[in-house]
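**Student:** Output the structure for:
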Amino acid sequence: MTTSPEHPGTDRDSAPSTVRHHPPKFHNERALIALGRSGQERLSDVITEFAGSMTFVYVHVAWFVGWILMNEGCFGRRLVFDRFPYGLLTMVVSLEAIFLSTFVLISQNRDASRQNVRADLDYQTNVQSAVWTEHIGRQLGLDPAEIDAKVAQILARTDASTS
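**Tutor:** Numbering: from 1, shown residues only. Presented below is the predicted three-dimensional model:
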């Protein structure tokens, strides 16, 4: 008996078996979404990730403190360019907030798309599992109607206990 690498333990010279092995198709929603991301979307993710970090907070604290100290004349009067009430700083911070909120919305939209892909993959997996389970149950001689009735009883008890 010679074995083939595809089917160890089977005779290569014998008639082909009617049982065929089909490898399962597993998909990772993150990988699927990553394949469709543009350069702009990747940049948006990088910016959003940085804006949600403590490094971002520390940079802004240093920036604001430096801006205020500089414009109060602590580093010399020649460096003052935005006197109190710091109108230029207010405008820069407002513009930054507008752009950051846009990046957050872009990331949230992409996350919603990823959740839709995940739901589709979950549905496909659930259907495949249900078909395989029913097929295996029939091969074992189990009655699908009896099993469905048992599942309904369990779900009814679970629903009653959570109400």
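**Student:** Report the contact partners of the nearest residue to residue 79 once chain neighbours are set aside.
**Tutor:** Distances taken as CB to CB, 6 or more residues apart in numbering put residue 70 closest to residue 79, at 5.3 Å, once the chain neighbours are dropped. C-beta coordinates here come from the backbone N, C-alpha and C atoms, glycine included. Taking CB atoms under 8 Å, 6 or more residues apart in numbering, we find residue 70 in contact with 79, 80, 81.
**Student:** For the closest residue to residue 81 other than its chain neighbours, give its distance to residue 65.
**Tutor:** Spatial nearest neighbour of residue 81, chain neighbours left out: residue 71 (6.8 Å); criterion: CB to CB, 6+ apart. According to CB to CB, to the nearest Å, residue 71 and residue 65 sit 11 Å apart.
**Student:** and what of residue 152?
**Tutor:** 65 Å.
**Student:** What separation is there between residue 70 and residue 153?
**Tutor:** Separation of residue 70 from residue 153 (CB to CB): 73 Å.
**Student:** Just give the number of residues close to residue 44.
**Tutor:** 20 (other CB atoms under 10 Å).
**Student:** what's the helix or strand containing it in contact with?
**Tutor:** Here residue 44 sits within helix 39-51, counting by DSSP states H and E. Helix 39-51 has contacts (CB under 8 Å, 6+ apart) with 37, 56, 100, 103, 104, 106, 107, 110.
**Student:** Select only the buried ones of the residues you listed in PyMOL?
**Tutor:** To isolate the buried members of the contacts of helix 39-51 in PyMOL, using 16 or more other CB atoms under 10 Å:
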select buried, resi 103+106+107+110
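**Student:** For the contacts of helix 39-51, work out which two are farthest apart.
**Tutor:** 37 and 56 (22.1 Å; CB to CB).
**Student:** related to what we said a few turns ago, just the ones of the contacts of helix 39-51 in strands?
**Tutor:** Of these, none are assigned to strands by DSSP state E.
**Student:** Now render the contacts of helix 39-51 as TSV, adding pLDDT and distance to residue 122.
**Tutor:** Shown next, in TSV, are those (pLDDT from 0 to 100; distance: CB to CB, whole Å):
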residue	pLDDT	distance to residue 122
37	80	21
56	97	34
100	93	32
103	89	28
104	89	26
106	88	25
107	86	22
110	84	19
